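> Okay, predicted coordinates and the sequence, questions at the end:
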Amino acid sequence: LARRVAGFGTTIFTEMSALALERGAINLGQGFPDFPGPSFVKEAATAAIGADINQYAPMPGLPRLRQAVAAQWECDYGRAVDWQREVTITSGATEALCDAMLALLDPGDGVVIFEPAYDAYVPDITLAGGTPLPVRLYPPVADHTAWWFDPVELHAAFARKPTLIILNTPHNPTGKVFTRTELELIAHLCQEYNTIAITDEVYDRLVFDGAAHIPLATLPGMWERTLTLNSAGKTFSVTGWKIGYAVGPAHLNHALRQAHQWVTFATASPLQEAIATALEQASVNGYYRDLLRDYGERRARLEQALETAGLPVLPVEGAYFISADISATGWTDDRAFCRWLTTDIGVAAIPTSVFYSDPASAPCLARFCFAKRLETIDAAAERLAALR
Ligand code: PMP
Ligand code: GLN
C-alpha cells in the first residue's frame, strides 16, 4: 500500500452494513433509504436510457442538468448562476469533496472541520496532503438547545491560516443546522483569513421544526469564496445513482474540474438526464413538501422507539439521523455497543466516536438513520424494546 492510503482502514459504513447483513439485523446504520425513489424520477432514467442518452456526458455535466441546478439557485436564493461556468456535475458529493481537496490544497495546507465530522473529510484532506484542523461541536447542555461550538476555538483554528474550511449543514451525524449567527462568524473569519469554504449541503431539503437551511454562499462576501456541494442521492432517495453537483464562482469550478477531468471525467449520462427532470418537476409538483412530511413522520417514529427503549435522543433539526445517548445502558464504548446492538439485539447503528480525531474523547452516542419505512422503524422498535 502507498503511504497515502496505508492508514485508511475500512469505512464504518462498510463494516456495520456487512455485520448487519451477516446477522440479519435491521440496518439503521449506513444512511440510505429502504423505500423506493419517486416514480417520476425512475421513469425519467428509464426513458433516458431508451432514448440512447448513453454515451459520455460533457466533462462538466449535461447542459440540461446544469441549467436545472442554476435555475434552482435562482429560484431558491435569487442568485443568477451561470450554468456553463458556475455548475459542475460529479459522481456524488463524495467525488466533489475529494476533487475539491485535490484541486485546492498544497501539502501542509490547513483545513478547518467541525467534529464530529463526516467520515470522508479527513481522508480526503490527507489524500491531498493537507492537515485537518478540527473544531469541536458540543452536544446540547444547559442553555444550548442545539449542538454548538465555542467561537474562541473557531478563532484559534483560523489563526492557523487555513486554506479551506469544510462546513456541513444540515450536519451528519448530529442533525445540527447552522444558524445565521454562526454562519456570519464563519463568513467573517473566511474573509479575514482569506479562507475558501467548501460547504456540504447534501441534506439541504431535510430541515425540520421551522429551522431554515442557509447556504453560506448566500452571505455577503461569500459567493466568491464558497463552493457549495449537493447530492441528488439524498433529495431523491437514489443514493446508488451518485449524482452530485458543485455550485460556485467560475474560478472554484475551474479548480474542481481540473481534478474531476482526471478522476472520473464525466458522470452517468442517463442518470444526469433523469435528475434534470427531477429538479425541474420537483419545484412544481410538491415533491419537497411531501418529502419533508414523510421524513417528519419517520423521525418522530424513531425518536419514540429510542426513548421507549431507554435511549434518550438529542434534538435533530436536519438530515436523517438521530443521535441517542447510550450511557444509561452501562456501555462506555460506543463501538462495542453498536456491534453488540447489531449482533445481539438485531439493530445496526453507527458509533459516533468514529467521526472524531480522538475517539476516546467523544461523547457516548450512537447514530440511528430514519430514512426507513415506518414498518422498518416499528420492527426495529420491537427489537430495541429488549433493552429495557
Ligand atoms: N456528505 C455527507 C454529509 C453525507 O452524509 C454523504 C452521504 N451520505 C455524502 C456527503 C456523500 O454523498 P454522495 O452519496 O452523493 O456521494
Ligand atoms: N453518507 C452515508 C452515511 O452517513 C453513507 C455513505 C457511505 O456509505 N459512504 O451513512
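Thanks, I have the structure now. The shown structure was predicted, so the numbers you read here are calculated from the model rather than taken from an experiment. Residues are numbered from 1 along each chain as shown. Ligands and ions are numbered 1, 2, ... in the order given.

> which stretches of the stretch 201-350 of the chain form helices?
Remark: helices assigned in the stretch 201-350 of the chain by DSSP state H, counting those that start in this stretch are 232-235, 250-263, 269-282, 287-308, 334-340.

> I'd like these written out as JSON lines, with mean pLDDT and mean neighbour count added.
Yep, even glycine has a C-beta here, placed from its N, CA and C like the rest. Converted to JSON lines, the helices of the stretch 201-350 of the chain look like this (pLDDT from 0 to 100; neighbours: other CB atoms under 10 Å):
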{"stretch": "helix 232-235", "mean pLDDT": "96", "mean neighbour count": "25"}
{"stretch": "helix 250-263", "mean pLDDT": "98", "mean neighbour count": "18"}
{"stretch": "helix 269-282", "mean pLDDT": "98", "mean neighbour count": "23"}
{"stretch": "helix 287-308", "mean pLDDT": "97", "mean neighbour count": "17"}
{"stretch": "helix 334-340", "mean pLDDT": "97", "mean neighbour count": "19"}
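
> I'd like the distance between the one residue in the chain that gets nearest to ligand 2 and ligand 1.
Nearest residue of the chain to ligand 2 (CB to the nearest ligand atom) works out as residue 31 at 3.0 Å. Relative to ligand 1, residue 31 is positioned 5 Å away (CB to the nearest ligand atom, to the nearest Å).

> Check the secondary structure at residue 111 for me.
Classification of residue 111 using DSSP: H, G, I helix; E, B strand; the rest coil returns strand.

> Count residues in the vicinity of it, would you?
27 (other CB atoms under 10 Å).

> thought it was touching residue 166?
Yes - in this structure residue 111 lies within contact range of residue 166 using CB atoms under 8 Å: 6.2 Å.

> Common neighbours of those two, please.
residue 121 (CB atoms under 8 Å, 6 or more residues apart in numbering).

> near ligand 1, which residues of this protein show up?
31, 92-94, 118, 168, 172, 200, 202, 231, 233, 239, 242, 244 (CB under 6 Å from any ligand atom).

> please redo it, this time with the cut-off set to 5 Å
Within reach of ligand 1 by CB under 5 Å from any ligand atom, the chain has these residues: 31, 92, 93, 94, 118, 172, 200, 202, 231, 233, 244.

> Tell me how many other residues crowd the fifth one.
Residue 118 sits with 21 neighbouring residues when counted by other CB under 10 Å.

> Phi first, then psi, for the residue in the stretch 251-388 of the chain that ligand 1 sits nearest to.
The stretch 251-388 of the chain approaches ligand 1 most closely through residue 319 (7.3 Å), counting by CB to the nearest ligand atom. Main-chain dihedrals, residue 319, degrees, to the nearest 10: phi 70, psi -170.

> who touches stretch 198-212?
93, 97, 100, 104, 118, 164-170, 172, 177, 213, 215-217, 226-231, 233-235, 244, 288, 291-292, 295-296, 299, 316-320.

> Of the residues you listed, grab the buried ones for ChimeraX.
To isolate the buried members of the contacts of stretch 198-212 in ChimeraX, using 16 or more other CB atoms under 10 Å:
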select :93,97,100,104,118,164,165,166,167,168,169,170,172,177,213,215,216,217,226,227,228,229,230,231,233,234,235,244,291,295,299,316,317,318,319,320
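
> quick one: contacts of stretch 134-145?
112-117, 146-150, 153-154, 157, 171, 174, 176, 314-315, 323, 356-357, 363, 365.

> Out of the residues of the chain next to ligand 1, which comes closest to residue 183?
residue 200 (13.9 Å; CB to CB).

> I'd like the distance between that closest one and residue 181.
According to CB to CB, to the nearest Å, residue 200 and residue 181 sit 20 Å apart.
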